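Engineer: Dropping the sequence and predicted coords here.
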Amino acid sequence: MTSMVMDKGPRLYRRSIAILLACLLTACGVCVGQNAMAAIDEPEARALLEALDTNDFQAKGEAAQAIAESSAEQKTRWLQALLDGRLGKQRRGENFYIVTDDSGREWPIIDAITFEDAGTGSRRTLDIFRINNNLRGQLQGLIASLTLSDGDEASRLAAAQRLVGEVDAASVDSVRANRDQEESPTVRHQLDVALALYAVEQGDAEALETLRGNLDTRVRNTLADIAAGDSALAARAQSVLDGIESKRAWYDRAQTLFFGLSAGSILVLAAIGLAITFGVMGVINMAHGELIMIGAYTTWLIQQALPGQPGLALLLSIPGGFLVAAAFGVVIERTVIRFLKGRPLETLLATFGLSLILQQLVRTLFSPLNRRVTSPDWLQGAWQINEALSLTLNRLGVLIFCLAVFAALWALMRYTRLGLEVRAVTQNRAMARAMGVRATRVDMLTFGLGAGVAGLAGVALSQLTNVGPNLGQGYIVDSFLVVVFGGVGNLWGTLVAGMSLGVINQILQPWVGAVLAKILVLIGVILFIQKRPQGIFAPKGRVS
Amino acid sequence: MSVKTNDRLERLREFTRPDRVFDFLVPVQSPVDVRHGPILYLEDVSVSFDGFQAIDRLNLTIDDGELRCIIGPNGAGKTTMMDIITGKTRPDSGQVWFGSRHDLLTLDEPQIANLGIGRKFQKPTVFEALDVTENLELAMAGDRRVWRTLLARLDHEGRSRIDEVLETIGLGDERHRLAGVLSHGQKQWLEIGMLLMQRPRLLLVDEPVAGMTEPEMQRTAELLTRLAGQQSVVVVEHDMGFVRSIARTVTVLHQGSVLAEGSMDEVASDPQVVEVYLGGEEEAA
Amino acid sequence: MKADSPTKEALNKSASGMRRKAHGAQKTRHNMGLGESSSTAQRSDSPAQPFKQCFPKAKSLMSIPTGADRSRQAFLSRSTLITSVVLVIGMAAVVILNALPASSPLHVSAATVALLGKYFTYMLLALAVDLIWGYLGILSLGHGAFFALGGYAMGLYLTAQNAPLQGWQAPLEFFPVAALAIVLTPGLLALVFGWLAFRSRVTGVYFSIITQALTFALMLAFNRNEMGMGGSTGLTRFYELLGFSLASDGMTVALFIASGVAVLLAFWLCRMITVSRLGRVCVATRDAEARVRFLGYRVDHVKLALFVVSAMIAGIAGALYVPQVGIINPSTFAPLFSIEVVVWVALGGRATLYGALLGALVVNYLKTLLTGAVPDAWLFILGGLFVLVTMALPQGIAGLLAQRRRRREVSA
């Protein structure tokens, strides 16, 4: 969850030595005592901000300094807004505003002092305070040191991370001071790294050991510079660098694997329902994608009904999506598929017609536009394991969800009466019927089950993409490839096939791009069929 | 190439002989080398499906012109053996030779069929959307390449052959009926007719008399015995009476390998055979 | 007319239905007209007679009622004749009505002629799909890809008339090269794809889905600008074909006639194939593939040959489509278009060539009418058509017509 803060990390640039030194020393010194101070009143705040309204960058820098030294509660936010180019003054008035979103033409703004909503502003009504590179560096330093001594552990850690590679002769002492005061071991370690990198730059071989295995890009870049040079450290730096590189590569692979698995788990969720219906009934349900869409729309509808509670809505959507999609599935089975038994191509066409109708139905009932489903907090952000590996929570959630659904299905097939009957019908329909299995009822339930799982896939998908009428369309071909790849009617096969197709796709993508990756996977599947036509495409055994 | 030309010349020579009326009874000169005796030779053939050993080190030799009956309880591997010979199933190990020149394991179904191995299926399989004549026409020996098939016209010779076969199988009245509307027994006959049109060197006949009446069975028996001698015939059958009426040599399969081989009487008195098969059969009867 | 092949081919599938219908067909055969009654009479008692008497040599081959002869007559069966005549008369009528002065109430505008020309190309595409689906049982859900490839080849040629093409596309500036490309590109793709698929015996729904994946992949590929095919906008702004302006009314009529003639020729070609022995091998393959293999026919070669021919017809259709519509873009590769073609054929009646033509015309006319009047309803109607045809009208319109004719003949 630290990622939200981390996102700002890359914006860091080299800054001037003197300013950083000054900032850190003064800011730290002042700030420590400031915690106890009372907040300042509005005229004071206004005066602090007023000082920024100048075209002289030197003066602006001093004003920023003054803000940092003041006891204003809002100072970090002001400085951040100034850095982001979002702090401005009303053109015909005395108010200061912070722009919260500058993507459109009309910006939503808040009052810079009270942080109250102040309607909208635009380029014409606001004078945004400009900054130059020098000032930017100063501001970053100010913010870093403010948070380093002031913020909670997470923001102190972020500030410490920003310091890596930015420590110089002037600031080193203050960083050391900070490090010695620091209580949190992680923050202290980060500061150690920052200091060690500085030491290495100064030629200290021992400090290299602290950097061994560190994944920070800046550490790597610095070490690469040293290793490429001809200093005494070059060889040792190279060995440390190699260690870092191999570790990074390992984490990169882990990251690719994770992305592949999460993409694969969507495929598995989409395909497994198809695998069930196809395996048991020999029915290709081309409306399967639309059942996924229905699951996703159910999620959206439940969320609309429960505004402000995305978590609860999502939890409710899991049974909701399943039931709604299953109901649609049962209706489709009863009204259409039942009458097309033993005619797979006709079933394919009829269900394709149904998919068109369902799509158009959603377009007419809701709208052709995409809808956004908000993820609950606990699915937002990422789990940052280290510099090189972070797992987005929504993808992680989908992966876990997929495995849970799979486990549930597997248990259902393995341990329940329905599962037994389904397996019996899969293997020998006539025989199962003779044994007293009501094959038509099994068909209905199986189809409902397959459709319900498709609905679950829709619930999962709604957390990853927007929900629209065309949502399911793209998944039918992919999921069919998965079913074919894994062996018809084989749950484990579907799991393995889905995951491996996801991973293969993810591995290919950086090399050849998404489109070619897709084409290559398609060709791969065709070639695979060449290799194992019997095992997958023809019923094994003898001709009758 | 020369083999093919020879084959054609040979066939042409046959066609031009006016004294031959039932020329499907005349052995076809096919490039099968039977100078060393057997026309079909299976050695140590094994195949398993998902762990089930369908054929287990099977050895079988069929001589040229022989009529061989193969019996065995369900699951003995009879149909699987036919699948292996005709290229439907590849064995896990072992060798299958047609004459002493053709290794059947290197060929696929059409190639094997074109070498002169015809097969009648357990469940009669005819082309239901085509009529009887068309079914026979498709089975007629000839060039099966796509372009030739497109340009193929039924010549006088072909028509006579169809008529002969129609007469043999007694479907003359049904010649323009769709094969799909024939009765089960008629479909059996039609499929036998298709085999005759193919003029194979070796016929594999899987349960030919299922669904036939007693007189029809007798006709089948007659037909098969008449064919033997010129063509080699392998019959898989459950009906003991039928087997007794045609068999000279009987092979008993059990659990994928040969249990006994010999004349019907020899086989029937073999205690092992009695135990696994005939005993059960008699009790059931 | 005896053994009217569409009639006959319409009879399959459901066993009980088949019995009844086959009797109908039998009736048809006995009711056949002049010149054949003698052979029918002979046939009925032929088994009793020695076969040589049965087929006196003096008789012409045409009159001997064996499979091949019936098929030779079937080439000029009633449906073939009617279809050909209707096509020719329709074309002539449109051209004549177009030549009338614009003030005349019967005048057919150039826009309508272009629309009808477009329908012709769709009919051509439907023929291509029907050839392999109706007679060979291969349901291709990616025939739009071959159509689009032919279209792109033509599109590149037309673009080259404005400005020379670069790189590998340059030779397409010459019409003979473009014409070759129109036929060979889809043919080659079908050859490679079909070879891979048929060799490994991919059949039924598996093949359908893989063809859908193929056209989907091509759509993605042609959307990329790197392909040099105009990216997602496709190729457009065509002005000249063979030195004549595309905007002129004469050109519209010429393209209309060219499309009509192409439909007629393709119809005859398909007819020739389906009534030959190869056509019967196809039907046999459709119904019992393994058996055909055991007869010694190379099913994969048969399928490959027809698939390639079908792809080439589709390519020609695409090439005729492009100058009449004025644009070709990746949406032609969309799986929806390909599957729409299938519903044309299904509605018209698969395994009857005239059914495919009829279906393409009916559905597209409906589409033109309805997308204008009630655009939102079109997908409902199209989807409904899929369900309706598969559930209630498995033989399509052609099946209905055949049924009516049989009933009339029975009552007569």
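Structural biologist: Right, received. Where do you want to start?

Engineer: any weak-confidence spans in chain B?
Structural biologist: B:1-4, B:12-36, B:50, B:277-285 (pLDDT under 70).

Engineer: Kindly report the residues of it close to chain A.
Structural biologist: Where chain B comes near chain A, counting by CB under 8 Å from any CB of the partner chain, the residues are B:Phe49, B:Asp50, B:Ala54, B:Thr79, B:Thr80, B:Asp83, B:Lys88, B:Thr89, B:Phe121, B:Gln122, B:Lys123. Placement of C-beta: from N, CA and C, glycine included.

Engineer: can we see that at 7 Å?
Structural biologist: By CB under 7 Å from any CB of the partner chain, the part of chain B that sits against chain A consists of B:Phe49, B:Asp50, B:Thr79, B:Thr80, B:Asp83, B:Lys88, B:Thr89, B:Phe121, B:Gln122, B:Lys123.

Engineer: What subset of the residues you listed is buried?
Structural biologist: Buried members of those, counted by 16 or more other CB atoms under 10 Å in any protein chain shown: B:Thr79, B:Thr80, B:Asp83, B:Lys88, B:Thr89, B:Phe121, B:Gln122.

Engineer: So which of the residues you listed sit within helices?
Structural biologist: In helices, defined here by DSSP state H, the members of these are B:Thr79, B:Thr80, B:Asp83.

Engineer: Quick check: the first one touching B:Gln122?
Structural biologist: Yes: in this structure B:Thr79 lies within contact range of B:Gln122 using CB atoms under 7 Å: 6.3 Å.

Engineer: and for these two, which residues touch both?
Structural biologist: B:Asp206 (CB atoms under 7 Å, 6 or more residues apart in numbering or on different chains).

Engineer: for chain A, where's the lowest mean pLDDT among helices and strands?
Structural biologist: When the helices and strands of chain A are scored by mean pLDDT, DSSP states H and E, helix A:3-6 comes last with a mean of 38.

Engineer: Which residues of chain C lie near chain A?
Structural biologist: Proximity of chain C to chain A, by CB under 7 Å from any CB, involves residues C:139, C:196, C:200-202, C:204-206, C:208-210, C:212-213, C:216-217, C:220-221, C:224, C:290, C:339, C:342-343, C:346, C:376, C:379-380, C:382-387, C:390-391.

Engineer: What's the local residue count around residue 267?
Structural biologist: As the question left the chain open, I've gone with chain A. 26 (other CB atoms under 10 Å in any protein chain shown).

Engineer: if you could check chain B rather than the one you did, that'd help
Structural biologist: By the criterion of other CB under 10 Å, B:Val267 has 24 neighbours.

Engineer: quick one: it is in a helix?
Structural biologist: Yes: B:Val267 forms part of a helix when assessed by DSSP: H, G, I helix; E, B strand; the rest coil.

Engineer: Touching, it and B:Val252? I think so.
Structural biologist: Yes: look at B:Val267 against B:Val252 with CB under 7 Å: they come within range, at 5.8 Å.

Engineer: who touches both of the two?
Structural biologist: By CB under 7 Å, 6+ apart, B:Val267 and B:Val252 have these common neighbours: B:Ala260, B:Val273.

Engineer: Please report how far A:Trp300 lies from chain C.
Structural biologist: Distance, A:Trp300 to chain C, by CB to the nearest CB, to the nearest Å: 21 Å.

Engineer: Just the element for that residue, please.
Structural biologist: Assessed by DSSP states H and E, A:Trp300 sits inside helix A:288-305.

Engineer: Equivalent analysis for C:Gly250, please.
Structural biologist: Element membership for C:Gly250, per DSSP H and E: helix C:249-275.

Engineer: Pull out the buried positions in that helix.
Structural biologist: Applying 16+ other CB under 10 Å to helix C:249-275 flags C:251-260, C:262-264, C:266-267, C:270-271, C:273-275 as buried.

Engineer: swap in stretch B:236-243?
Structural biologist: Neighbour counts over stretch B:236-243 (16+ other CB under 10 Å) mark B:Val236, B:Glu237, B:Met240, B:Phe242, B:Val243 as buried.

Engineer: Among those residues, which one sits closest to C:Tyr157?
Structural biologist: Taking CB to CB as the measure, C:Tyr157 lies nearest B:Val236 of the buried residues of stretch B:236-243, at 61.7 Å.

Engineer: Count the residues that sit near the residue of chain A found nearest chain C.
Structural biologist: Among all residues of chain A, A:Gly353 sits closest to chain C, at 2.4 Å; criterion: CB to the nearest CB. Residues lying near A:Gly353 (other CB under 10 Å) number 28.

Engineer: Same check on the one 10 residues further on?
Structural biologist: As a burial measure, A:Arg363 scores 16 neighbours (other CB under 10 Å).

Engineer: now swap in the one 10 residues further on and tell me
Structural biologist: By the criterion of other CB under 10 Å, A:Val373 has 24 neighbours.

Engineer: can you confirm it is in a helix?
Structural biologist: No: counting by three-state DSSP, A:Val373 is located in no helix; its state is coil.

Engineer: Could you pull up the residues touching the closest residue to it other than its chain neighbours?
Structural biologist: Spatially, and ignoring its direct neighbours in sequence, A:Val373 is nearest to A:Ser462 (4.2 Å; CB to CB, 6 or more residues apart in numbering or on different chains). Contacts of A:Ser462 were listed using CB under 7 Å, 6+ apart, and they are A:Ala296, A:Thr299, A:Trp300, A:Val373.

Engineer: isn't the second one right up against A:Val373?
Structural biologist: Yes: contact criterion CB under 7 Å: A:Thr299 and A:Val373 qualify, at 5.6 Å.

Engineer: I'm done for today, thanks for sticking with me.
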